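>>> Turn this into a model:
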Amino acid sequence: MSLIIGLFSDVPFILFPSNWIGWLGLLLWLGVIVALLWRWRAYNKPWKQTQWLILLGLILVTPLASLLFGIRLPAWNSMPPPGITLEPVGPALMVFAAIPWMLAAGFLGPTAAAGLAAFSGVFLAYWGTHSIFTPFEFAVSAILLAAFFSQRYRTRVYRLLRSPALAAVLVTLFYPLIFVPGVIFVTQGSLAVRIDYAISQMISAVVAVGGALIVAGLVAEFIKRMQPNLWGGQPPWVPSPAESRLESRLIFNMAPLALVLILTLMVGDWIAAGNAAQTMLQERMSGASELAAQGVPFFLDSGQSLIMQFAADERLADPTAAPEALQTVLGQLIRSTPYFRQLFLLDDSGVSLTGYPLERYDDVFAPIEEKTGLELALNGVLIQVYTIPPGDADSSAQVSFITTLVDGNGAQRVLIGRTDLYSNPFSQPILSSLDSMQDVSGEGYLLDKDDRILYHPDPNRLMSEYAHPEVDAASFYEDTAPDGTRQLVYYQPALGRPWSIVMTVPAQSAQQLAIQIAAPLLVMIIVVAALALLFMRLGLRLVTTSLDTLAVQANRIAQGELDQPLPVNGDDEIAQLSSSFEQMRVRLKARLHDLNQLLEVSQGVASSLDMEEAVRPILKSALSTGGVASRVVLVPSILPDFNVGDSQPSHFSYGPQADRYALLDEQILTMMENKDEMAISNAKLSFNLPSGLLPPESVIAVAIRHENLYYGALWLAHDRPHSFTTEERRFIVTLAQQAALAASNTHLFMTAEIGRQRLAAILASTPDPVLVTDHRDRLLLLNPAALTLFRMQAQTGVGKPVADVINKAELVDLMRVSMQEDQSIEITLQNERVYLATASSILADGKSMGRVCVLRDVTHFKELDALKSEFVATVSHDLRSPLTLMRGYATMLEMVGDLNNQQEGYVQKIVVGVESMSRLVNNLLDLGRIEADVGLRLEMLSIYDIVENVIEGLNAHAAQKQIQLKTVIQKETIPLIEADQALLTQALHNLIENAIKYTPAGGHVQVSIFLRRDRMVFEVRDTGIGISSLEQPRLFEKFYRSSNREAKRERGTGLGLAIVKSIAERHGGQVGVQSQLGIGSTFFISIPMRQPK
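Below you'll find the model as predicted:
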């Protein structure tokens, strides 16, 4: 192997078919390409700008990829084309040749890929393969690749075929089937010669094309991952042919194994036939060669013996004999034994004495071998044998025998005898053996010791040197004939002589013999395979036809057509399956009948809340089993009768004999209380009936239970003996469950209706207005008091949004679903009455389903509160002067004289009490001023300064209790707020002071300020004693103090939080608390950033 930069250095030419069969093969390939393109035309991509650009780029790249950079592969026993004298050259593996048309197969589809592949094949055919079929072979390969890439089947095998690397390997394995027919069509000679040449070229061609395909597959695999949306088939994936039909699936599953088996048999048959043919020819060549080789010693020994016998004739040694007499003796000797054609007699100086039939020996034109032998004979060599060129018009070389006539003085004369192999009777067995292979176009050669050809069917090759491997023993090998074809050669050395026999037979003879041997078996294999495929398809067709029938029946069953019976033929598996389908149809039909009845029962149960209407379909369906009476009896508590004092069991019946067996209801009701199911075949022994009343023959009863509560019983009576089947029992049990559902629904409806009527009476009798909304803030309910308050007609506002019915914004906001927590506000309506509105959420599974709002008239309480406030303010103002006077005199007692310890304690207690009373009076006065709706002194305030002043004033108190007091405020992000500085400072002071007061030593108090939408939120968080959830709603009431023992230890007036609430509300804000007992509390004030003008 060697690297090549390009193919331009090779001689460009293309071999065209030499006969009409080759041109017919070319048309067949063209037809195959057109058929494949038409078959897979749907795989062509739509031609858009992107596809045109890709095609243009690939066209420009194709010539360079096809002709540049490759590897010259070895010839690998390749032969030159038959009839053409060319030296075999290994093919060129052009590394990038297949990349353009493989990319076209993925991006553009089969048509563009075939065109580019043929375009690439033209270059390689002109400079590389020299075969006109190369473009067609590449086009077929490209179409196969495009089909692999573009198919959208979803199974694993087809998914693997969409991989370029795997598809390249598969096409490489398939390429011999594409390559061999083209070679057979383009070459000349017999079919055996063409097949032999195609097989010799196949391995190297597959390696060359397969290498290029695999390189292109790896490149395409990478590009596919870069552009998956443009490559090949795209989702959605569709079922493969094997998934669509069972017959196709079985054939697809069995076809690979069958194909491998058939190919194995065919290849094995071909190999076996080839080996047998070659063995037969080898044995014939060996036998003929051995016979010929055995005749060589006899031929040479006979010649030597005969020439020496002639030389012993004394007449030839007579020095006085005349030349004519000597010629007569030579003639007599030739005629005595028909071996030699010519005899010559020479004297001791090498001068010709005479000859026969020629008179003189031509020493000038004598073969050089004889001249050499003559000198050796004169020097005393007794006998010599030489091969010399043939004479004119001879068909074989000549053999020259030289002997010496000697006496006591040495060599006197030399006798030369010539013979040719073609006419010598002693050589005929040799020639017959050499010509014995002519029936198989074989040839036999006779070689001398210098490997010169002595005998050859072609006289022009006589005395030419024959080249063969250096071997000393008989051997069989293959060689290349002068015409470029393969031939079989058998070399056989002669026994005891340096001559040898060569037998050659064209390989095509072996191939033809192999074809004769293999053809019958190959035809038989093909016929058997075709018949097997035909019978398999017919057998599968019978199976699939039966399965199709079953599929049709299954579709009918699926569509509810259960009246058509399925015929069952035979006892095989299909028949068993058909029988199962028929049984399924019958059972399903019966089951659907029961289900239809149950559906009617369910619809009856669901469509009515009246027990008698709901239970009638149940009783009617129960009679479908053949009974004469079906009854339902319920315990009194399920459907109580409020019109009578003592409730009785409820009875429901249906059937011609229903009323006749009514006396059994209470007995069955009692019997089924502790049972689930009861079937009675002898009713006379089980029931107590009055005389004259005949009991039913058979009875089945099922308890009616719901959520483990006994409701009653459903029972069915037969007037004839009846054995209840499992299906009937199951059906009656199902009916009993429906009866339980009907009774439960009726019971729940009655209970709910009673509850609704009671609730309606309560709402109608309460004087407080009640409003209920849904999750969309629409009114669902208004009681009469609410209708009167909002001056609405009954139900006129139901279903409308709250905002459209009520024009009080505060009340509308309170009732919105977005307000999850329970809240209360005081509102003044248009009748100048003050109401305390309390709204709570209606929760279901943690989700708010609406709100309930109760308005309580607190106008009287507000008036009392106003009077109380006015009274407290008046009293507080009048108390200020006496308290001041009392404190002054109490502090002056120490100035009058010394006081003992007890007196000082009394004075101190008086001062503390007076100061506590003063603080209470001041708080009452402040609260009075706030509630008196005195105008706010609004100004733009820095929250940071206010908080710092309050914290600074309480730091000493916090430090005294070892409480860590800190603030969380971002000065640069908190804007100015519009508020009354004194009131806001007082509210913050009260909250922080309370937090310090009720937090034990070592605790923490944190003051946080942040913005929430358009409001400023002041949050005070402590780790104090906490407040229980029961006390939290009253924390902001005047004079209220927690009942907690630890809270009572701290002195207070109970007005601090009330003042905070009043300040927050005066600013249009809110207060709130979140606390957990024992953990701590969080108080907050939320005030608008700007006050309304």
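>>> and stretch 370-382, average pLDDT?
Mean pLDDT, stretch 370-382: 85.
>>> list the buried ones in that stretch?
Across stretch 370-382, burial judged by 16 or more other CB atoms under 10 Å covers 370, 373, 374, 377, 378, 381. Quick note: C-beta positions are derived from backbone N, CA and C, even for glycine.
>>> distance of the third one from residue 710?
According to CB to CB, to the nearest Å, residue 374 stands 146 Å off from residue 710.
>>> ok, now the first one?
Counting by CB to CB, the separation of residue 370 from residue 710 is 141 Å.
>>> swap in the second one?
Note on residue 373: its distance to residue 710, by CB to CB, is 141 Å.
>>> go on, the fourth one?
Look at residue 377 and residue 710: by CB to CB, they are 146 Å apart.
>>> Domain ranges for this protein, per the record?
For the chain, the structural domains run 2-244, 264-519, 599-725, 766-857, 935-1093, going by automatic domain parsing.
>>> Secondary structure element holding residue 781?
Residue 781 belongs to strand 779-782 when elements are defined using DSSP states H and E.
>>> From the rest of the structure, what touches that strand?
Identification of contacts with strand 779-782 by CB atoms under 8 Å, 6 or more residues apart in numbering yields 763, 769-774, 790, 792, 797-802, 805, 850.
>>> Now that strand - C-alpha only, PDB.
Taking C-alpha atoms only, strand 779-782 is exported to PDB below (Å, rounded to 0.1, in the frame of the first residue of the first chain):
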ATOM      1  CA  LEU A 779     -73.400  37.000  46.900                       C
ATOM      2  CA  LEU A 780     -74.900  33.600  47.600                       C
ATOM      3  CA  LEU A 781     -77.200  34.400  50.600                       C
ATOM      4  CA  LEU A 782     -78.700  37.300  52.300                       C
END
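>>> Pull out the buried residues from the helix or strand following it.
Downstream of strand 779-782, the first helix or strand assigned by DSSP H and E is helix 784-789. For helix 784-789, burial by neighbour count (16+ other CB under 10 Å) applies to 785, 786, 787, 789.
>>> ok, these vs residue 12, which is closest?
Set against residue 12, the nearest of the buried residues of helix 784-789 by CB to CB is residue 786 (106.4 Å).
>>> Just to check, the closest one is in contact with residue 855?
Yes. Between residue 786 and residue 855 a contact is recorded at 7.4 Å, counting by CB atoms under 8 Å.
>>> Spell out which residues are contacts of both of those two.
Each of 769, 770, 771 lies in contact with both residue 786 and residue 855 under the rule CB under 8 Å, 6+ apart.
>>> Neighbour-wise, which one of those leads?
Ranked by the number of neighbours (other CB atoms under 10 Å), the shared contacts of residue 786 and residue 855 place residue 771 first, at 25 neighbours.
>>> residues in contact with that one?
Counting by CB under 8 Å, 6+ apart, residue 771 has contacts 779, 781, 782, 786, 802, 815, 852, 853, 855.
>>> where do the helices sit along the stretch 1-150 of the chain?
Under the criterion DSSP state H, counting those that start in this stretch, the stretch 1-150 of the chain contains helices at 20-39, 49-67, 99-107, 110-124, 134-150.
>>> what angle separates the last one from helix 20-39?
Counting by axes from the mean of the first three to the mean of the last three CA atoms, to 10 degrees, helix 134-150 points 20 degrees away from the direction of helix 20-39.
>>> buried set for helix 134-150?
For helix 134-150, the neighbour count (16+ other CB under 10 Å) marks 134-150 as buried.
>>> which ones are touching residue 71?
Residue 71 touches 1, 2, 3, 4, 92, 93, 95, 211, counting by CB under 8 Å, 6+ apart.
>>> quick revisit: may I see the buried residues of helix 784-789 arranged in JSON lines, with pLDDT as well?
Formatted as JSON lines, the buried residues of helix 784-789 follow (pLDDT from 0 to 100):
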{"residue": "785", "pLDDT": "82"}
{"residue": "786", "pLDDT": "78"}
{"residue": "787", "pLDDT": "80"}
{"residue": "789", "pLDDT": "77"}
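>>> coming back round to it: of the contacts of residue 771, closest to residue 618?
Distance to residue 618, by CB to CB, is smallest for residue 781 among these, at 36.3 Å.
>>> I'd like to know the beta-bridge partner residues of that closest one.
Here residue 781 sits in beta bridges with residue 772, as judged by DSSP bridges.
>>> so how many other residues sit close to it?
Here the number of neighbours of residue 781 (other CB under 10 Å) works out to 18.
>>> still on that earlier bit, format the domains of the chain as a markdown table; extra columns: distance to residue 737.
Shown next, in a markdown table, are the domains of the chain (distance: least, CB to CB, whole Å):
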| stretch | distance to residue 737 |
| --- | --- |
| domain 2-244 | 43 |
| domain 264-519 | 67 |
| domain 599-725 | 8 |
| domain 766-857 | 27 |
| domain 935-1093 | 46 |
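>>> do you know which of these lies nearest residue 536?
Relative to residue 536, the nearest member of these by CB to CB is domain 2-244, separated by 15.2 Å.
>>> what is the rounded mean pLDDT of the closest one?
Averaged across domain 2-244, pLDDT comes to 85.
>>> try stretch 623-634
Stretch 623-634 carries an average pLDDT of 84.
>>> Quick check: buried residues in that stretch?
For stretch 623-634, a neighbour-count test (16+ other CB under 10 Å) marks 623, 625, 627, 628, 629, 630, 631, 632, 633, 634 as buried.
>>> wait, the second one sits on residue 716?
Yes. At 6.9 Å, residue 625 counts as touching residue 716 under the criterion of CB under 8 Å.
>>> overlap in contacts of the two?
Here residue 625 and residue 716 have residue 732 as joint contacts, going by CB under 8 Å, 6+ apart.
>>> how far is the helix or strand hosting residue 308 from where the chain is centred?
Using DSSP H and E, residue 308 maps to helix 246-311. Taking CA atoms, centre = their mean, to the nearest Å, the mean C-alpha location of helix 246-311 is offset from the chain mean by 55 Å.
>>> Can we start the residue count at 336 from this point?
Taking 336 as the first residue, the last one we looked at is helix 581-646.
>>> Which other helices and strands does the following helix or strand past it contact?
Using DSSP H and E, the helix or strand that follows helix 581-646 in sequence is helix 649-652. Secondary-structure packing of helix 649-652 (3 or more CB pairs under 8 Å, 6 or more residues apart in numbering; DSSP states H and E): helix 658-671, strand 733-742, strand 745-755.
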